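Trainee: Fold the following for me, if possible:
(chains A, B, C and D)
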Number of protein chains: 4
Amino acid sequence: MKIGKATVPRTAISTSDEHRIVVRGEDLCKDLIGKISFTDYFHLLVTGSRPSAAATAVLDATLVAIAEHGLVPSVQAARMTLAAAPDAMQGAVAAGILGCGSVILGASETAGRLFVEIQERMRSVSDIDAAALAVLREYRAAKKAIPGYGHPLHKERDPRVAQLFSVAREHGANLDFIAIADAVERQMPEAVGKALKLNVSAAIPAVLLGIGFPLQALKGVPILARTAGLIAHLNEELTQSIGFALSYQATRELVYDGELPAGESAESP
Amino acid sequence: MKIGKATVPRTAISTSDEHRIVVRGEDLCKDLIGKISFTDYFHLLVTGSRPSAAATAVLDATLVAIAEHGLVPSVQAARMTLAAAPDAMQGAVAAGILGCGSVILGASETAGRLFVEIQERMRSVSDIDAAALAVLREYRAAKKAIPGYGHPLHKERDPRVAQLFSVAREHGANLDFIAIADAVERQMPEAVGKALKLNVSAAIPAVLLGIGFPLQALKGVPILARTAGLIAHLNEELTQSIGFALSYQATRELVYDGELPAGESAESP
Amino acid sequence: MKIGKATVPRTAISTSDEHRIVVRGEDLCKDLIGKISFTDYFHLLVTGSRPSAAATAVLDATLVAIAEHGLVPSVQAARMTLAAAPDAMQGAVAAGILGCGSVILGASETAGRLFVEIQERMRSVSDIDAAALAVLREYRAAKKAIPGYGHPLHKERDPRVAQLFSVAREHGANLDFIAIADAVERQMPEAVGKALKLNVSAAIPAVLLGIGFPLQALKGVPILARTAGLIAHLNEELTQSIGFALSYQATRELVYDGELPAGESAESP
Amino acid sequence: MKIGKATVPRTAISTSDEHRIVVRGEDLCKDLIGKISFTDYFHLLVTGSRPSAAATAVLDATLVAIAEHGLVPSVQAARMTLAAAPDAMQGAVAAGILGCGSVILGASETAGRLFVEIQERMRSVSDIDAAALAVLREYRAAKKAIPGYGHPLHKERDPRVAQLFSVAREHGANLDFIAIADAVERQMPEAVGKALKLNVSAAIPAVLLGIGFPLQALKGVPILARTAGLIAHLNEELTQSIGFALSYQATRELVYDGELPAGESAESP
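Mentor: Residues are numbered from 1 along each chain as shown, chains lettered A, B, ... in the order given. The predicted structure is shown next:
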């Protein structure tokens, strides 16, 4: 069945024949294996060009910042999945990645969209704080959440934020989006009535947009990073399984508030 | 419900409070972000210790070697999934990762198990070729596939193999498992009647076991690597969608060999 | 880490002890196994009550209508995944389900939201066609797609639509949302300039909302239905594998439009 | 890239053109929608033929028996995933299905294989108990787990077992595999030293093999059934979210047994 217009598939990423594999215009065996780091290769794969030194530093910093934060829900989901299906590590990784959604790690992408919108607004509203406030007010009017501010654990600024910004500064990356992210933080009390601080999900797009990483691929950074953390947890799970223990703990105080068969009292189950 | 014995979950990977995040005994913000590459961090996360220079080189080389090989089935599955659900990049990545199974990328792990078995055999059968042949014959007797040898496209040795081995040699990594992998290749004609050459799925465990990467986490390397390639393809898919074109092409010559409703001839549908 | 307010988990679906399992107030062994069809049980699980005869008929009809439509992209993705990972059927099913997104099967839910919006509009705009047109124009103004109309293969009304509507009529289900769906179809030329016909993704919510199936669970119906079709395809795949053949066919005309290493001509790869 | 021999994909499940959709030799709109239950359609899809009345009863009973058992690990994984990615119900369902692995629901298939092996052994060892014991001993010698016996909650026979067997008996289904399953239970003390009782994962293949359901598709039954339960839980999750509460509870007693940065004491984090 034909869906949509394009019928001839095209790609600019890779081609190969029996003798060599070309990736983004380079020979995989001659130019890349042993000669480029995985981080730089990720940049080359996604953008089509090798990163500058500043871009490498920033991309590495974001991947390291977001890869691991303990037994967060997606790690729990992955470990429970591996406990149930220990032969299929790929399934457990997939279950963990499926938790990179709009509420949790997807904020990296939506915060990036917010910053780009503010940057565009600055063509007409030159003051950065005024532009930020104007866009924030539109989000509020449209009942859209402001992504990337506030954190359940880190009430002050998430400690990873300062570190990411400092990496970008040290390596001379473009800082325009950091300035926008800071302006949003300053305007939060005015816009939403609460002093919500920048969290790591806003810091990531702020520094990545500054190295030219594509907006629409932003979500790929936390996904790749978390995959590394998930593999570490799944390796630990294979040695010391806690998937079912997590599940047991999770329901120790579970309340059943549904109905019971006729004639049974609430105590019986 | 309590499944299994352990009821108190434990982990040695990460802990955090409001002020800092500890990963494998290091302070994420002070010691890691901006100070360690993503590859080294992956090694630290999985093994608990920072890699040697040789280990970094080998781990980078394997991640680069396996990340991308064009529109392989798992990439097609991911691009079709994104075309159908463009808002959920995590779902498309997950669909792609689910294709890292026993037949395709999982051979990295099973080939690693084969090599470890041959190494153990060498305690009693000191000649490496004899040990390899003995284990291969047991695989054949038990009707188990020999993982990591032969490739649909690369009839000669996969060009990535030599490059990976050369990275390991250059950086002074332990070469014991490369020797075993070579011995298996030499014994393939005797053992299976065909001169199947080492492919990248055997080269990866051969070099990774040489840097002490844990056997049970081997499958994590192609999974992490492919995630990078998948994100590049999904970024391309968002700009120039071919997911449905691939699906259309795939079925242009499709044969329906089932039944038709009574009274209809084969030509009618 | 505590995310959000609720800390004590609650559920009204099921509770159990060593001697019995209660589901939605009924004893699973005494009242349900052997005494209720899977379709009725699905209704009970989701809504908390057993369906009327009309609801059973409509729910069965929608599940049958949407379960199978040949080698659509999500089925291809699932079969490619099983070919690569034949030991993990759950992974292949998951890969197929991940293609139930906003573009493909998710239209059932979004079309349902459209119909509910039109129904609410009818409080102020009593004429059904006027209410439909008003809401359609708002969708256009907001650049939102109109879900559930048009089909790549069925240029006339999808043949499943009439059949679903006729089942609802025969069994005396509420027909209000069918009337709304028809009104939308009548207004499509005026609203979007094309006579796009109702497809199965609009017919499904039109009949399901008429039996009181919850709007937010609508997407569950195509997901459950497709799972049945996926299992049939995966069973066929285990006997007669075509996953890799599909992948091969898909790329026979693939065009590489990226760069080549310096000194190579376009013909060489 | 061509992997494997087959290059022309074939299927016997479905074909369609602009005017009609054929499934397993029947016209979807004329013969199936509104005229067949979802359970019977599932049977038709998988096996190619409509079920007998006994087969319908048994298939419905197994789907009902296994669809729901409260907040089991896979349901928790799915609810955590939806809480993190509420826009992508398909992702949360997929995460839940990925927990249908070898340890949890996959036992349906492996128990089915055990029963078929015992049936084949009965050609040479006519006594059913002797055949069961012989095969069980081979499993033990090969260090293979005996699937489908024992349950963390139901120390007596799982209450669903008797009910499933009684449905098969009432409807006159073939009872050969029930007899084999009972024989295995009788021989468990002799074979493994513990009186492990039949659980639902052994009862399901015992009754399904009796209606001719294909061995290799057995795992599809718990997968389809659980999908129904997952959708009910995800519908509840959208109304009353507990995904993050489950995750919070799961880690309240979490012990970090890894290292701390130099100079910090165990109490500080």
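Trainee: which residues sit in contact with the residue nearest the centre of chain A?
Mentor: The residue lying closest to the centre of chain A (CA atoms, centre = their mean) is residue A:222, at 3.0 Å. Residue A:222 makes contact with A:66, A:100, A:105, A:108, A:201, A:204 under the criterion CB atoms under 8 Å, 6 or more residues apart in numbering or on different chains. Yep, even glycine has a C-beta here, placed from its N, CA and C like the rest.
Trainee: Would you mind measuring from the fourth one to chain C?
Mentor: Residue A:108 sits 17 Å away from chain C, going by CB to the nearest CB, to the nearest Å.
Trainee: contacting residues for residue A:242?
Mentor: A:79, A:83, B:6, B:9, B:10, B:11.
Trainee: same question but for residue A:77, I mixed them up
Mentor: With CB under 8 Å, 6+ apart, residue A:77 has these contacts: A:95, A:96, A:98, A:99, D:76, D:77, D:78, D:80, D:81, D:95.
Trainee: which residues of the stretch 151-269 of chain A score low on pLDDT?
Mentor: Residues of the stretch 151-269 of chain A meeting the criterion pLDDT under 70: A:152-155, A:265-269.
Trainee: What sits closest to the residue nearest to the centre of chain A if chain neighbours are left out?
Mentor: Leaving out its chain neighbours, the residue that sits closest to residue A:222 by CB to CB, 6 or more residues apart in numbering or on different chains is residue A:105, at 3.9 Å.
Trainee: Mind listing residues that contact the helix or strand hosting residue A:190?
Mentor: Here residue A:190, judged by DSSP states H and E, is contained in helix A:176-192. If you take CB under 8 Å, 6+ apart as the criterion, helix A:176-192 is touched by A:111, A:114-115, A:118-119, A:128-129, A:131-133, A:136-137, A:140, A:146, A:148-149, A:165, A:168, A:194-198, A:202-203, A:205-207, A:209-210.
Trainee: Identify each buried residue in it, please.
Mentor: A:177-185, A:187-188, A:191-192 (16 or more other CB atoms under 10 Å in any protein chain shown).
Trainee: Wait, a strand at the residue nearest to the centre of chain A?
Mentor: No: going by DSSP: H, G, I helix; E, B strand; the rest coil, the assignment for residue A:222 is helix, not a strand.
Trainee: Could you measure from it over to residue B:82?
Mentor: Separation of residue A:222 from residue B:82 (CB to CB, to the nearest Å): 17 Å.
Trainee: next one: residue A:210
Mentor: With CB to CB as the criterion, residue A:210 and residue B:82 are 26 Å apart.
Trainee: out of those two, which sits in the busier spot?
Mentor: With neighbours defined as other CB atoms under 10 Å in any protein chain shown, residue A:210 and residue B:82 compare such that residue B:82 has more, 29 against 21.
Trainee: continuing past whichever strand or helix holds that one, what's the next helix or strand?
Mentor: Using DSSP H and E, residue B:82 sits in helix B:73-84. Per DSSP H and E, the first helix or strand lying C-terminal to helix B:73-84 is helix B:89-97.
Trainee: Quick one: list the elements packing against that following helix.
Mentor: helix A:89-97, helix A:220-239, helix B:73-84, helix B:220-239, helix C:89-97, helix D:89-97 (3 or more CB pairs under 8 Å, 6 or more residues apart in numbering or on different chains; DSSP states H and E).
Trainee: will you turn the ones you listed into JSON lines that also has distance to residue A:53?
Mentor: What follows is these, written out as JSON lines (distance: least, CB to CB, whole Å):
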{"stretch": "helix A:89-97", "distance to residue A:53": "30"}
{"stretch": "helix A:220-239", "distance to residue A:53": "18"}
{"stretch": "helix B:73-84", "distance to residue A:53": "30"}
{"stretch": "helix B:220-239", "distance to residue A:53": "20"}
{"stretch": "helix C:89-97", "distance to residue A:53": "39"}
{"stretch": "helix D:89-97", "distance to residue A:53": "37"}
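Trainee: right, so of the ones you listed, which gets closest to residue C:42?
Mentor: helix D:89-97 (13.3 Å; CB to CB).
Trainee: Might you report the residue contacts of whichever residue of the stretch 101-250 of chain A sits closest to chain D?
Mentor: Closest residue of the stretch 101-250 of chain A to chain D, CB to the nearest CB: residue A:101 (2.0 Å). Applying CB under 8 Å, 6+ apart to residue A:101 gives the contacts B:88, B:90, D:81, D:84, D:85, D:86, D:87, D:88, D:91.
Trainee: try 10 Å this time
Mentor: A:74, A:107, A:219, B:87-91, D:81-88, D:91-92 (CB atoms under 10 Å, 6 or more residues apart in numbering or on different chains).
Trainee: ok, so what distance separates residue A:37 from residue A:27?
Mentor: Taken as CB to CB, the span from residue A:37 to residue A:27 is 17 Å.
Trainee: just residue A:234 next, same as before
Mentor: 34 Å.
Trainee: quick one, which of those two is more surrounded?
Mentor: residue A:234 (27 against 17).
Trainee: show me where chain A has helices.
Mentor: A:38-47, A:53-66, A:73-84, A:89-97, A:107-121, A:128-141, A:159-170, A:176-192, A:200-209, A:220-239, A:243-250 (DSSP state H).
Trainee: Deepest in the core, which of those helices is it.
Mentor: helix A:89-97 (a mean of 33; mean count of other CB atoms under 10 Å in any protein chain shown).
Trainee: Kindly calculate the angle that that one makes with helix B:73-84.
Mentor: 30 degrees (axes from the mean of the first three to the mean of the last three CA atoms, to 10 degrees).
Trainee: average pLDDT for helix A:89-97?
Mentor: In this model, helix A:89-97 has a mean pLDDT of 97.
Trainee: could you give the angle of that helix to helix B:107-121?
Mentor: Computed by the same axes, to 10 degrees, the angle separating helix A:89-97 from helix B:107-121 equals 130 degrees.
Trainee: Restricting to C-alpha, output helix A:89-97 in CSV.
Mentor: In CSV, the C-alpha atoms belonging to helix A:89-97 read as follows (Å, rounded to 0.1, in the frame of the first residue of the first chain):
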residue,chain,number,x,y,z
MET,A,89,18.4,-7.2,27.1
GLN,A,90,17.2,-5.3,24.0
GLY,A,91,13.7,-5.4,25.4
ALA,A,92,14.6,-4.1,28.8
VAL,A,93,16.6,-1.2,27.2
ALA,A,94,13.6,-0.5,25.0
ALA,A,95,11.3,-0.4,28.0
GLY,A,96,13.6,2.1,29.7
ILE,A,97,13.8,4.3,26.6
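Trainee: Now do it against helix B:220-239, angle only.
Mentor: Using the same axes, to 10 degrees, helix A:89-97 lies at 50 degrees relative to helix B:220-239.
Trainee: on that earlier part again, chain C: which of the buried residues of helix A:176-192 is nearest?
Mentor: residue A:192 (17.5 Å).
Trainee: roughly how far apart are the closest one and chain B?
Mentor: The value you get for residue A:192 to chain B, if CB to the nearest CB is used, is 22 Å.
Trainee: Also residue A:211?
Mentor: In terms of CB to the nearest CB, residue A:211 sits 14 Å off from chain B.
Trainee: for residue A:111, same thing?
Mentor: In terms of CB to the nearest CB, residue A:111 sits 15 Å off from chain B.
Trainee: Just confirm that residue contacts residue A:150, I think it does.
Mentor: No: with contact defined as CB atoms under 10 Å, residue A:111 does not reach residue A:150; the gap is 11.7 Å.
Trainee: Can you pull the residues that touch both of the two?
Mentor: Contacts common to residue A:111 and residue A:150, judged by CB under 10 Å, 6+ apart, are A:198, A:199, A:201, A:202.
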